[in-house]
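# 3D model of this:
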Amino acid sequence: MSEEKTSKTRMPKQDKALAKRARIIEKGFELICEKGYHSTTTPEIAKYADVSTGIIYQYFKDKKEIFLEGLKQFSDSVLFPLTSLLDLSSGNMPKITLNDIERLLDRLITLTLQNHRMSQKAHEEIYALAHSDPDVAKIFVSSELAMTKKIEEFVENNGIKMKHSKEKIHLIYGIVENYCHETVYHHHEELDNEVMRQEVILIIKNILKDSLVS
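Alright, predicted model coming up:
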């Protein structure tokens, strides 16, 4: 995934230069997610970000570094939107109890599906690279664990007692992700998506039934 570039990069200090570097990261990440990593060149990123190729090489070794920086900054919004969509730090979400768990699970599935559909190409590209490049995989795993921790904090802040919360939250989100992948990407004709959705909710409720204390 690397490009050969021997010139030494630098971190800009002035606000205008910092803003330019941030724009390169944002637009470069966006373009790579849209076109694919191997189909995107550094000159194309420069054109898309409205800078010269030389400016890019002042700040970044190669397009991989741009992509990794973008993944660090935008992984929550692209891959794990639940961290922001549920406003975990504000405490504004209703408390999770056994009485309303089905409604909240249904909302979780809907939000995750919406995000996958809006960022379908980005998901496909990032998941593919996570399987082939250890640097991408490391950021992906780190972001995934950070999301799990934020949900765990939300659960604790709402006074909910859950046994093995970190492990169960991780498994539950994995089940929801698998359902979304089937619905958005795989489309097995012999499978009924609505039946699977209800089964996902039932499975998660069974996981949680001995864990939540209202």
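# So what's the residue count around the residue nearest to E102 when sequence neighbours are not counted?
Nearest non-adjacent residue to E102, counting by CB to CB, 6 or more residues apart in numbering: I201, 5.9 Å away. C-beta coordinates here come from the backbone N, C-alpha and C atoms, glycine included. Neighbour count of I201, defined by other CB atoms under 10 Å: 20.
# thinking I201 is in contact with D106, fair?
Yes: contact status for I201 versus D106: in contact at 6.6 Å, counting by CB atoms under 8 Å.
# Give me the contacts around whatever helix or strand the residue nearest to E102 lives in.
Assigned by DSSP states H and E, I201 falls within helix 193-208. If you take CB atoms under 8 Å, 6 or more residues apart in numbering as the criterion, helix 193-208 is touched by 98, 101-102, 105-106, 109, 162, 168, 171-172, 175-176, 179, 182-183.
# what does stretch 27-38 give?
Under the criterion CB under 8 Å, 6+ apart, residues 1, 40, 44-45, 48-49, 63-64, 66-67, 69-71, 73-74, 78, 119, 121-122, 125-126, 129 lie in contact with stretch 27-38.
# change it to 7 Å
For stretch 27-38, the external contacting residues (CB atoms under 7 Å, 6 or more residues apart in numbering) are 1, 40, 44-45, 48-49, 63, 66-67, 70-71, 74, 121-122, 125, 129.
# residues in contact with A49?
Counting by CB under 7 Å, 6+ apart, A49 touches R23, I24, K27, G28.
# neighbours around the third one, how many?
Counted by other CB under 10 Å, the residues lying close to K27 total 19.
# For L71, see how far away it is.
As judged by CB to CB, to the nearest Å, K27 and L71 stand 14 Å apart.
# number of nearby residues for the nearest residue to H181 once chain neighbours are set aside?
Nearest non-adjacent residue to H181, counting by CB to CB, 6+ apart: H116, 7.5 Å away. A count of nearby residues for H116, using other CB under 10 Å, gives 20.
# my guess is H116 meets E182, correct?
No: applying CB atoms under 7 Å, one finds H116 not in contact with E182, separated by 10.5 Å.
# Show me the shaky parts of the chain.
Applying pLDDT under 70 to the chain flags the ranges 1-7, 81-100, 158-159, 210-214.
# need the contact list for the residue most central in space within it.
Taking CA atoms, centre = their mean, the centroid of the chain lies closest to L79, which sits 1.6 Å from it. Contacts of L79 were listed using CB under 7 Å, 6+ apart, and they are H123, I126, S143.
# before we move on, the earlier item: please identify which helix or strand holds the residue nearest to H181.
When elements are assigned from DSSP H and E, H116 belongs to helix 101-118.
# just the angle between that helix and helix 193-208, please?
130 degrees (axes from the mean of the first three to the mean of the last three CA atoms, to 10 degrees).
# immediately after helix 101-118, which helix or strand?
Downstream of helix 101-118, the first helix or strand assigned by DSSP H and E is helix 120-132.
# Distance of V200 relative to I160?
From V200 to I160 the distance is 21 Å (CB to CB).
# Who has more neighbours out of the two?
Shown here are V200 and I160; by other CB under 10 Å, V200 has more neighbours (21 against 17).
# what about that one, distance to D50?
44 Å.
# The longest helix along the chain: which residues count as buried?
Longest helix in the chain by number of residues (criterion: DSSP state H): helix 134-157. Neighbour counts over helix 134-157 (16 or more other CB atoms under 10 Å) mark 135-136, 139-140, 143-144, 147-148, 150-152, 154-155 as buried.
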